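S.K.: attaching a predicted model along with its sequence, questions to come.
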Amino acid sequence: MIKKAVIPAAGFGTRFLPVTKAIPKEMLPVVDKPLIQYGIEEIISSGMDQILIITSRNKSSIEDYFDKNPELEKVLEEKDKRDLLEEVKKVSDLAKIVYIRQKEMMGLGHAVLLAKDFVNNEPFAVLLPDDIIDSEIPCLKQLVEVYSEYSCSVVALERVDEEGTWRYGIIKPRQISDRVFKIEDVIEKPGPERAYSDLAVIGRYVFEPDIFSELERTKPDSRGEIQLTDAFGLLSKKRPVYGLLFEGRRYDVGNKFGFIEANIRLALKRKEFEAKIKEILSSLKY
Ligand code: UTP
């Protein structure tokens, strides 16, 4: 039912400087593949097959990664490296991906607004690649299920501690069912005093196309950025917007600690690495 997904990937990645001077954050490998690939795989396994990635200057390695590389394929074929050849081909065959450049980094809301023509008046998903979500049912698929029940925009929610109220948009919830909440209002990074609840918005969304008119009306914040949170706050005043407390574990790989944790835990889930990593971890002395 929802076929299109947008991945905003134009940000500077300042929390990962200096490496992001030369390598896009989205291309940093978690275990053995770039973190953006986890997002692409989640989109595909949620039933979407048209993907728009919003990029920016110095991010062309993302396009190269998902492109074909005939010279490399030829060399691997000649050397009879079948497994590697399959891996390389798999990446370029993953999905139909198109790209738009955000010329000035004017915020996540501004990046999503660039998807208006691609979306063409249909409901669509947005996935922030620096949230990797490990779950039985892909997180976006969980949102799509709620969307098909209520036919309105749905965002993913996670419970956070006090520190999280400084880092995320926090919603004013009205509980609808065990895991579904109607969003009455949302404040970006309110801090514990102003937070309505402990329910934070994380990087997965399914939007009705009417989000675009709210994005167009949204004023830049004090840093000159158009916030997606402000736009769906405006939307929630006009039409129901729902939040889903998704099932699964999220890794915030946009910060160094979350990135390290994701590498350890996701490597432990891989048969070929599990025993060796456990051995390393248990041999550590503090
Ligand atoms: P972040 O707030 O994590 O910013 O953006 P960032 O630049 O990626 O990283 P830091 O905070 O400087 O370390 C959340 C998402 O929105 C995208 C980012 O690429 C990321 O996926 N984004 C942000 C844009 O596409 N354009 C923008 O102008 C801002």
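M.R.: That came through fine. The shown structure was predicted, so the numbers you read here are calculated from the model rather than taken from an experiment. Residues are numbered from 1 along each chain as shown.
S.K.: what's the helix or strand hosting Leu84 packed up against?
M.R.: Following DSSP states H and E, one finds Leu84 within helix 82-92. Packed against helix 82-92 by the contact rule (3 or more C-beta pairs under 8 Å, 6 or more residues apart in numbering; DSSP states H and E) you find helix 60-66, helix 70-78. Every C-beta, even on glycine, is put in place using the N, C-alpha and C of the backbone.
S.K.: that helix vs helix 70-78, what angle?
M.R.: Helix 82-92 and helix 70-78 are oriented at 150 degrees to each other (axes from the mean of the first three to the mean of the last three C-alpha atoms, to 10 degrees).
S.K.: quick revisit: which one of the helices and strands packed on helix 82-92 is the most hemmed in?
M.R.: Burial of these is given as mean neighbour count (mean count of other C-beta atoms under 10 Å); helix 60-66 ranks first at a mean of 15.
S.K.: and it, is it in reach of the ligand?
M.R.: No - taking C-beta under 6 Å from any ligand atom as the criterion, helix 60-66 and the ligand are apart, separated by no less than 10.7 Å.
S.K.: tell me what the host helix or strand of Gly243 is packed against?
M.R.: Gly243 is located in strand 242-245, with elements delineated by DSSP H and E. The contact analysis (3+ C-beta pairs under 8 Å, 6+ apart) places strand 242-245 against helix 139-150, strand 154-159, strand 180-188, strand 199-207.
S.K.: how far off strand 180-188 does the last one point, in degrees?
M.R.: Following the same axes, to 10 degrees, one obtains 110 degrees for the angle between strand 199-207 and strand 180-188.
S.K.: in the very next helix or strand once past strand 199-207, what counts as buried?
M.R.: Next helix or strand after strand 199-207 toward the C-terminus (DSSP H and E): helix 211-217. Buried residues in helix 211-217, defined by neighbour count with 16 or more other C-beta atoms under 10 Å: Ile211, Phe212, Glu214, Leu215.
S.K.: isn't Thr113 right up against Leu215?
M.R.: Quick fix: residue 113 reads Leu, not Thr. Yes - using C-beta atoms under 8 Å, Leu113 is in contact with Leu215, at 4.6 Å.
S.K.: between these two, what contacts are shared?
M.R.: Here Leu113 and Leu215 have Ile226 as joint contacts, going by C-beta atoms under 8 Å, 6 or more residues apart in numbering.
S.K.: hmm, back to that, any idea of the mean pLDDT in the helix holding Leu84?
M.R.: Mean pLDDT, computed over helix 82-92, is 88.
S.K.: how about residues contacting the helix or strand following that helix?
M.R.: Later in the chain than helix 82-92, the nearest helix or strand by DSSP H and E is strand 96-101. Outside strand 96-101, the residues that touch it by C-beta under 8 Å, 6+ apart are 10, 40, 49-57, 62-63, 66, 114-115, 118.
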